[in-house]
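**Student:** Build me a structure from this.
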Amino acid sequence: MSDGPIYKVLFVNQGQNYEIYARQVHSSGLYGFVEVEQLLFGERAQVVVDPAEEKLKSEFDGVKRSYIPMHAIIRIDEVEKQGTAKVSDSQGGNVVTHFPFPAGSAPKPK
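**Tutor:** Below you'll find the predicted structure:
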């Protein structure tokens, strides 16, 4: 009873790593963005409720489609089954930094 592939999307937002699951991920018509649709969250009928996932679910409540900047994407994986959506601080373990630009690359005034 598969409704198609499931994608795990890892991205950085305001200093935190987000891990979300979605049915559709593709390049956006908006230049420099990745379009994420049909977000997946755990069922509310479960006995155990994860407060972190509930917070993330409420943050994306009513969102039909999300546009994530390409430079914020860490990775996108096609997975066999949905995991738990979560938000974590990016200060531990894997640190994501912006691509460095050379200092003084702008022309100097004469």
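**Student:** which residues of this structure fall in strands?
**Tutor:** For the chain, applying DSSP state E gives strands covering 6-13, 16-27, 33-40, 65-69, 73-79, 86-89.
**Student:** Just the buried residues of the longest one, please?
**Tutor:** Spelled out, that is strand 16-27. Under the neighbour-count criterion of 16 or more other Cβ atoms under 10 Å, strand 16-27 has 17-22, 25 buried. For every residue, glycine as well, the C-beta is placed using N, CA and C.
**Student:** hang on, the earlier thing: which one of the strands of the chain lies closest to Lys57?
**Tutor:** strand 33-40 (8.5 Å; Cβ to Cβ).
**Student:** Okay, now the unreliable bits of this structure?
**Tutor:** Low-confidence segments of the chain (pLDDT under 70): 1-2, 43-50, 90-110.
**Student:** same thing but 50
**Tutor:** 1 (pLDDT under 50).
**Student:** one step back: dump the buried residues of strand 16-27 into a markdown table; add distance to Phe11 as well.
**Tutor:** Listed next are the buried residues of strand 16-27 as a markdown table, based on distance: Cβ to Cβ, whole Å:
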| residue | distance to Phe11 |
| --- | --- |
| Asn17 | 8 |
| Tyr18 | 5 |
| Glu19 | 8 |
| Ile20 | 8 |
| Tyr21 | 13 |
| Ala22 | 11 |
| Val25 | 11 |
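**Student:** Would you confirm that Leu39 contacts Glu19?
**Tutor:** No - in this structure, Leu39 is not within contact of Glu19 by Cβ atoms under 8 Å, at 11.7 Å.
**Student:** Identify the contacts common to these two.
**Tutor:** Applying Cβ atoms under 8 Å, 6 or more residues apart in numbering, one finds that Leu39 and Glu19 are jointly contacted by Ala85.
**Student:** Could you find which two of the buried residues of strand 16-27 are furthest from each other?
**Tutor:** Pairwise distances across the buried residues of strand 16-27 (Cβ to Cβ) peak at 17.1 Å, for the pair Asn17 and Val25.
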